[in-house]
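>>> when you get a sec, could you give me coordinates for this:
(2 chains)
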Number of protein chains: 2
Amino acid sequence: MPQPKLFSVIDRAVFDYRLIEEGDNILVGASGGKDSTALIEYFAYRLKQKRENFSVTALNIATEIAPPFSKELIEVFAKWEIPFKTLTISVLDRLKPGRTMNCWWCSTQRRTELNNYAIANGFNKIALGHHLDDILETLLMNALNKGQLSTMPPRLAYNKYPVTVIRPLCMAPVTMIQEHAAQQGYIASTCTCSYQDNSGRKEARKRLEALTNGNIAEKQRLFNALRNVRMEYLTYPYTDKGAD
Amino acid sequence: MPQPKLFSVIDRAVFDYRLIEEGDNILVGASGGKDSTALIEYFAYRLKQKRENFSVTALNIATEIAPPFSKELIEVFAKWEIPFKTLTISVLDRLKPGRTMNCWWCSTQRRTELNNYAIANGFNKIALGHHLDDILETLLMNALNKGQLSTMPPRLAYNKYPVTVIRPLCMAPVTMIQEHAAQQGYIASTCTCSYQDNSGRKEARKRLEALTNGNIAEKQRLFNALRNVRMEYLTYPYTDKGAD
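Reported below is the predicted structural model:
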């Protein structure tokens, strides 16, 4: 079988950002959705290539508001020889009085547990399934709502903890992952619960499509622009660096 | 008369970017349109305030393809006590064989002449009438077409020439300039010629409106994001700077 197109795109990100290094012990956040499942499939493929020594464990942070992790998917992970663990937390119990559940808050709780688990169990990297569209949507939210030029970077070391967050799908358009998941026949579920308060991201998705005309090449150029920042041609007030 | 709202926005940009400094000799590009006319009106107002010693001259680079500069506007400049000069060039003669005229190329020719005039006549600053929307449109064009994060900055020194380009309207939304021009009753003309090949910028304008929902506050936050760049949260490949 030829290498799937998606895997070539992930290879490129892994190379550009040194996302997999000799001796890595990687914890992947497994949500049960197409993104983290494709990422785990890639890791299984890369492990078989033996290009470097590293190990991968998948961890699902389960909550009382989401359906349980698919048994079929657990069997798929076993076939791929990726160890799978589950940790169940209550997100409703953690809500402060008067606050209502929303996607941002729930994912923050699950991220914290993922971080804690990685640190407590000696993982040096945490791999997340955010893809190109996720990263560009966050860019637009941060710019238009917070007035800050920032997003979820492909590789980010924490200063306080001996762990680095990596996002190997950072260059993969969501449509490419969808096509790949359909071809591979994943029985993936998306994040479903009875709250689904995700209006900020839904709005950002609409804006991203409007900005790029839904054009993948334009999304990729926008991603490239984020690593081709010409500070002297932005609007930083206190510089007097010149142009040629 | 209270200070026009537009002038408060320009004051802020002048302060943040030190656009007017003691002893400045500023050449303003005067197109005859609302933007450069509003900028010249601001300079006249600021000169009367005597907050600093500086001088301003307006220069129109005329071409054979655009209508001549409005006589009424020349009288307005005289009333404002801003010296006005004209330099006429032929842009058609400069076209290489087989090339057709377009707005980008014509404006490049006029910009070159403006620069040459400033350098030859001892001006240390060149003021241009680009406003907030112009700057954000250029940002989108550079990001989506060139994969580069850059735009026309509020203040830019040339390394090779003793001249600094300033854009005092950089924080002013185009709608605010339009309202101001209507209130002041400018007899301003827009750039009109028989070519009008401006498709790139027109498309960028549509994208900017789609991205921001035409919302001025969002445009201003996007501008602020350009001076609040968090490099470690972008996608630059060769850094390992950590997060807290």
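
>>> rest of the way, CA atoms for contacts and neighbours
OK.

>>> can you name every helix or strand that the helix or strand where residue A:28 lies contacts?
Assigned by DSSP states H and E, residue A:28 belongs to strand A:24-29. Contact partners of strand A:24-29 among helices and strands, from 3 or more C-alpha pairs under 8 Å, 6 or more residues apart in numbering or on different chains; DSSP states H and E: helix A:34-49, strand A:54-63, strand A:125-127.

>>> including mean neighbour count, mean pLDDT and distance to chain B, could these go into a markdown table?
Output for those, formatted as a markdown table (neighbours: other C-alpha atoms under 10 Å in any protein chain shown; pLDDT from 0 to 100; distance: least, C-alpha to the nearest C-alpha, whole Å):
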| stretch | mean neighbour count | mean pLDDT | distance to chain B |
| --- | --- | --- | --- |
| helix A:34-49 | 20 | 97 | 19 |
| strand A:54-63 | 20 | 95 | 20 |
| strand A:125-127 | 26 | 98 | 13 |
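
>>> now the ones you listed in JSON lines, with distance to residue A:145?
Shown next, in JSON lines, are the helices and strands packed on strand A:24-29 (distance: least, C-alpha to C-alpha, whole Å):
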{"stretch": "helix A:34-49", "distance to residue A:145": "26"}
{"stretch": "strand A:54-63", "distance to residue A:145": "29"}
{"stretch": "strand A:125-127", "distance to residue A:145": "27"}
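
>>> do you know which of those lies nearest residue B:141?
Among the helices and strands packed on strand A:24-29, the nearest to residue B:141 by C-alpha to C-alpha is helix A:34-49 (30.2 Å).

>>> what about the residue most central in space within chain A, distance to residue B:200?
Centroid-nearest residue in chain A, with C-alpha atoms, centre = their mean: residue A:130, separated by 2.2 Å. Counting by C-alpha to C-alpha, to the nearest Å, the gap from residue A:130 to residue B:200 is 32 Å.

>>> please apply the same query to residue A:129.
35 Å.

>>> ok, the two, which is more surrounded?
residue A:129 (23 against 14; other C-alpha atoms under 10 Å in any protein chain shown).

>>> can you map out the helices along chain A?
Assigned by DSSP state H, chain A shows helices spanning A:5-16, A:34-49, A:71-79, A:103-120, A:132-141, A:174-184, A:199-212, A:216-225.

>>> what sits up against the first one?
So that's helix A:5-16. Residues outside helix A:5-16 that contact it (C-alpha atoms under 8 Å, 6 or more residues apart in numbering or on different chains): A:19-20, A:42, A:154, A:168-172, A:176-177, A:180, B:237.

>>> using CSV, write out the CA atom coordinates for it.
This file holds the C-alpha atoms of helix A:5-16, laid out as CSV (Å, rounded to 0.1, in the frame of the first residue of the first chain):
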residue,chain,number,x,y,z
LYS,A,5,-1.4,11.4,1.5
LEU,A,6,-2.2,12.5,5.1
PHE,A,7,0.9,10.7,6.4
SER,A,8,3.1,12.6,4.0
VAL,A,9,1.7,15.9,5.4
ILE,A,10,2.3,14.7,8.9
ASP,A,11,5.8,13.5,8.0
ARG,A,12,6.6,17.1,6.9
ALA,A,13,5.4,18.6,10.1
VAL,A,14,7.3,16.0,12.2
PHE,A,15,10.4,16.9,10.2
ASP,A,16,10.0,20.7,10.3
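
>>> got the buried residues for it?
By 16 or more other C-alpha atoms under 10 Å in any protein chain shown, the buried positions in helix A:5-16 come out as A:6, A:7, A:9, A:10, A:11, A:12, A:13, A:14.

>>> tell me, how many residues neighbour the residue lying closest to residue A:37 once chain neighbours are set aside?
Spatial nearest neighbour of residue A:37, excluding adjacent residues (C-alpha to C-alpha, 6 or more residues apart in numbering or on different chains): residue A:30 at 6.8 Å. Using other C-alpha under 10 Å, residue A:30 has 25 other residues around it.
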